[in-house]
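pasting the sequence and the predicted model now:
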Amino acid sequence: MLGVSLVLLLVAASTGGFSALFMTASAIGALTAIYVLVTGRRSWAVIPRRKVAAVALGGAIIVGIVGSSLVPASVETDLASTSSQPTATAIPSATPSPTPTPSAFTEEAPADPATTTPASEAASIVLTDTAATDTTAIALLATLTVKGRAPKTGYDRSGSFGTAWLDVDQNGCDTRNDILARDLTGTVKSGNCRVLTGTLPGPYTGKKIHFVRGTSTSSLVQIDHVVSLSNAWQTGAQQLSQAQRVSLANDPLNLLAVDGRTNSSKGDGDTATWLPPMKAYRCAYVARQISVKATYGLWVTQPEHDAMTRILTACPDERAMASAFAPAPVVVAPVAVAPVPVAAVPVPVVVEPAPAAPAPATPPAPAPAPAPAPASAYYQNCDAARAAGAAPVRAGDAGYGRHLDRDGDGVGCES
């Protein structure tokens, strides 16, 4: 009987957690105590008489009460009254649907994934926290490109964004456990990583949810991609590198622990088609979506842009958020290209001809010989001979006379 009881306790602990363990122990203890009370016989559990059995029965009941208190409740105390909070313009949200079983191809990945991370997917990524910036969300929205959705062709959760969930910071914890540890209060862990229990102050509904790890309970708390991976794929993520998409899928800026039912109602909706039921959280939700899209260079559709603007009109001072988690974009340095040598083309040398030597000065044409003077010519003096063009006058010429040749050399009027 002892062996059977131990087996039952082990099965209960492995399948249902602490609550199942306590309640199984309570049932075994109560049945054993009742057996001793009714029969008066010593039991296998060494309960010698009825008085001890009565005490054991009381203890079993107390253990059962403790176990039942650990059963998760999906709805509990309101954290905030939506009527007392400032509200943004209401946009109809999608009708909630039953919580589906998580799978690797939905926006919510398996509840308890392995933590082994392919080195190629986790390289160069460091986990950091988010922080408010000095920029308002509505100002950051004005910087986003507005255009239509791209086709969903080629989208694949694990192929496009890496295996879910990765241990990107190599701390031994997958991203799901990192976010549970960040967003839940009063957490109990197994070792330094595995979150076993905790309380979620649900940001989308304002309701508390008690989280207990288990096959049937883990999915009550899911990790939501604020900008769904499907939406990201259709608004620019196709153009990112694989490392940047893995970063987007694991960036704390884009992740929130939320209740599973509300996460299922959201699906891959954007601001134009889905908003958190709790109006008081809508400004922060939209600001986070804008911050994610700005960080990863994604665009918004016109309906999405208009819906974001309407929400932020009620809270114009809502700040955008920043995360240093995203890997720096790869900058390809320009390759220096050596100039291609150009074959030398001989430049024609224009040799100007040497200046021609000046032509020898042409001697002036000799004055025409004076027409011979008529034989009867007579020149009274040299002036008259010159005027007649007869100077000089030589002996034998017409008009020669000794009165013209003063030196008697036979030439008169030579000067």
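That came through, no problem.

mind listing the helices for the stretch 251-400 of the chain?
With DSSP state H, counting those that start in this stretch, the ranges of helices along the stretch 251-400 of the chain come out as 260-266, 282-295, 302-313, 382-387.

residues of the last one that come out buried?
Applying a neighbour-count criterion of 16 or more other Cβ atoms under 10 Å, one finds 382, 384-385 buried in helix 382-387. The way it works is simple: take the backbone N, C-alpha and C, and place the C-beta from them, glycine included.

picking up where we left off before, looking at the helices of the stretch 251-400 of the chain, which is nearest to Leu37?
Taking Cβ to Cβ as the criterion, helix 260-266 is the member of the helices of the stretch 251-400 of the chain that comes nearest to Leu37, at 43.9 Å.

quick one on the thing from earlier: in JSON lines: the buried residues of helix 382-387, plus distance to Gln234 and pLDDT.
Formatted as JSON lines, those follow (distance: Cβ to Cβ, whole Å; pLDDT from 0 to 100):
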{"residue": "Cys382", "distance to Gln234": "126", "pLDDT": "83"}
{"residue": "Ala384", "distance to Gln234": "127", "pLDDT": "80"}
{"residue": "Ala385", "distance to Gln234": "126", "pLDDT": "78"}
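
and Leu144, how close does it get to Thr301?
Distance of Leu144 to Thr301, given as Cβ to Cβ, to the nearest Å: 10 Å.

sorry, slip of the keys, the one I care about is Ser160.
With Cβ to Cβ as the criterion, Ser160 and Thr301 are 20 Å apart.

likewise for Arg394?
Separation of Arg394 from Thr301 (Cβ to Cβ): 127 Å.

ranges for the strands of the stretch 51-200 of the chain?
Remark: strands assigned in the stretch 51-200 of the chain by DSSP state E, counting those that start in this stretch are 130-136, 185-190, 194-201.

deepest of the ones you listed, which one?
Stretch with highest mean neighbour count among the strands of the stretch 51-200 of the chain: strand 194-201 (a mean of 18; mean count of other Cβ atoms under 10 Å).

helix or strand right after it?
strand 208-212 (DSSP states H and E).

packing partners of that next one?
helix 2-39, strand 194-201 (3 or more Cβ pairs under 8 Å, 6 or more residues apart in numbering; DSSP states H and E).

output that strand as CSV - backbone C-alpha positions only.
Taking Å, rounded to 0.1, in the frame of the first residue of the first chain, the C-alpha atoms of strand 208-212 are listed here in CSV:
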residue,chain,number,x,y,z
LYS,A,208,-5.5,39.0,-11.6
ILE,A,209,-4.6,35.5,-12.8
HIS,A,210,-2.8,32.9,-10.7
PHE,A,211,-0.3,31.1,-12.8
VAL,A,212,0.6,27.5,-12.0
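
following element in sequence after it, please.
strand 221-225.

could I have the CA atoms of that following strand written out in PDB?
This file holds the C-alpha atoms of strand 221-225, laid out as PDB (Å, rounded to 0.1, in the frame of the first residue of the first chain):
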ATOM      1  CA  VAL A 221      -1.000  32.800 -19.200                       C
ATOM      2  CA  GLN A 222       0.500  33.400 -22.600                       C
ATOM      3  CA  ILE A 223       3.200  35.700 -24.000                       C
ATOM      4  CA  ASP A 224       1.800  38.100 -26.500                       C
ATOM      5  CA  HIS A 225       3.700  39.700 -29.400                       C
END
